[in-house]
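Asker: this one's structure only:
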């Protein structure tokens, strides 16, 4: 069992626009009337949101859905969705974001909020258009970073076919006789803080991954896996806040499951305190195993 204090990890979007700060032009009343309805537009190549608040509401809603539901939602908004065309994406930072976040963008990594268009590029968000007028040069309006949550006390064990832990990130490296690639199982808790203008949201997710690597970086693998987990997790937020929700991981079984799994654990709109004071208080205990379907020698039994 591991119990520790975690500094909130990091998708941080913050408004850093200097003289031309990005703003929502809708009033709060107007936004509330249509918070669940996307803006009507003749441009179906981009997903439109009524306001920053609406953007966060959709992100919040998608975070607790599974991949098939996320994909169906984003395709219903635009055939140009990033999630549908993710194999064409070369932005490694965007690819490290939750799929719920990716679902909000088109394959050009653009999103429309009210009368403005923002473009994502290697961890940064730029304001590129307002009221159909291009902004030159684009204005930096946010930055993002994604990393696994780490405990203050960490242990590492390495080696061929090795197992190692980095805080709440457990990884297992292995090879398959039928493949020239290296493979890596990952079980990890990841925390994301999202900030756009005055809107802030924090979410905590449990990620179950299979990655492969040739000569380059690790990439998401598509091999089907059999996954069995029985994990008990409790979470609180030291800083307090509103809209707090928590979901236990519990018992789950997946058969021939492809792609990474993102399981929602908690969300909160934190109080206005210094970032260093925002901590998740987490206890997690239990077991999880992954096996590439039909290849019993690839089985990994992990324990928290």
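Answerer: It's in. Treat the numbers as computed from the prediction; the structure is a model and nothing was measured.

Asker: which residue packs closest to residue 213, ignoring adjacent ones?
Answerer: In space, and not counting its chain neighbours, residue 213 is closest to residue 182: 5.0 Å by Cβ to Cβ, 6 or more residues apart in numbering. In short, each C-beta sits where N, CA and C put it, glycine included.

Asker: Number of residues surrounding that neighbour?
Answerer: Residues lying near residue 182 (other Cβ atoms under 10 Å) number 14.

Asker: Just grab the bridge partners of it for me.
Answerer: Using DSSP bridges, the bridge partners assigned to residue 182 are residue 175, residue 213.

Asker: I'd assumed residue 176 was in contact with it.
Answerer: No - Residue 182 lies out of contact with residue 176 (Cβ atoms under 8 Å); the separation is 9.2 Å.

Asker: Can you report how many residues lie near residue 214?
Answerer: Residue 214 has 10 nearby residues by other Cβ under 10 Å.

Asker: ok, the most centrally placed residue in the chain - contacts?
Answerer: Geometric centre of the chain, nearest residue: residue 98, 1.9 Å, by Cα atoms, centre = their mean. By Cβ atoms under 8 Å, 6 or more residues apart in numbering, the contact set of residue 98 is 63, 190, 192, 203, 205, 262.

Asker: hmm, try it at 7 Å
Answerer: Shown in contact with residue 98 (Cβ atoms under 7 Å, 6 or more residues apart in numbering): 63, 192, 205, 262.

Asker: now the strands: where do they sit in the stretch 1-150 of the chain?
Answerer: For the stretch 1-150 of the chain, the strands defined by DSSP state E, counting those that start in this stretch occupy 2-7, 48-49, 110-113, 116-121, 124-130, 133-143.

Asker: ugh, wrong one, the stretch 151-300 of the chain
Answerer: Under DSSP E, counting those that start in this stretch, the stretch 151-300 of the chain gives strands at 163-166, 169-175, 182-196, 199-213, 219-220, 225-237, 241-246, 250-257, 261-270, 279-292, 300-303.

Asker: before we move on, the earlier item: the strands of the stretch 1-150 of the chain into JSON lines, with extra columns for distance to residue 81?
Answerer: Output for these, formatted as JSON lines (distance: least, Cβ to Cβ, whole Å):
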{"stretch": "strand 2-7", "distance to residue 81": "32"}
{"stretch": "strand 48-49", "distance to residue 81": "13"}
{"stretch": "strand 110-113", "distance to residue 81": "11"}
{"stretch": "strand 116-121", "distance to residue 81": "14"}
{"stretch": "strand 124-130", "distance to residue 81": "18"}
{"stretch": "strand 133-143", "distance to residue 81": "20"}
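
Asker: Quick one, which of the ones you listed gets closest to residue 284.
Answerer: strand 2-7 (6.0 Å; Cβ to Cβ).

Asker: what about residue 223, neighbour count?
Answerer: Count around residue 223 with other Cβ under 10 Å applied: 18.

Asker: and what of the one 3 residues further on?
Answerer: In terms of burial, residue 226 registers 19 neighbours under the definition other Cβ under 10 Å.

Asker: what's the nearest residue to it if we skip its chain neighbours?
Answerer: Of all residues not flanking residue 226 in the chain, residue 291 sits nearest, at 4.8 Å (Cβ to Cβ, 6+ apart).

Asker: count of neighbours near the one you found?
Answerer: Using other Cβ under 10 Å, residue 291 is surrounded by 18 other residues.

Asker: Surely it touches residue 298?
Answerer: Yes - here residue 291 reaches residue 298: they are 5.7 Å apart, a contact under Cβ atoms under 7 Å.

Asker: low-scoring stretches of the protein, by residue?
Answerer: Where the chain drops to pLDDT under 70, the residues are 1-43, 145-167, 273-278.

Asker: related to what we said a few turns ago, I'd like the strands of the stretch 1-150 of the chain laid out as JSON lines, including mean neighbour count and distance to residue 82.
Answerer: Shown next, in JSON lines, are these (neighbours: other Cβ atoms under 10 Å; distance: least, Cβ to Cβ, whole Å):
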{"stretch": "strand 2-7", "mean neighbour count": "15", "distance to residue 82": "29"}
{"stretch": "strand 48-49", "mean neighbour count": "22", "distance to residue 82": "15"}
{"stretch": "strand 110-113", "mean neighbour count": "21", "distance to residue 82": "9"}
{"stretch": "strand 116-121", "mean neighbour count": "20", "distance to residue 82": "9"}
{"stretch": "strand 124-130", "mean neighbour count": "19", "distance to residue 82": "14"}
{"stretch": "strand 133-143", "mean neighbour count": "15", "distance to residue 82": "17"}
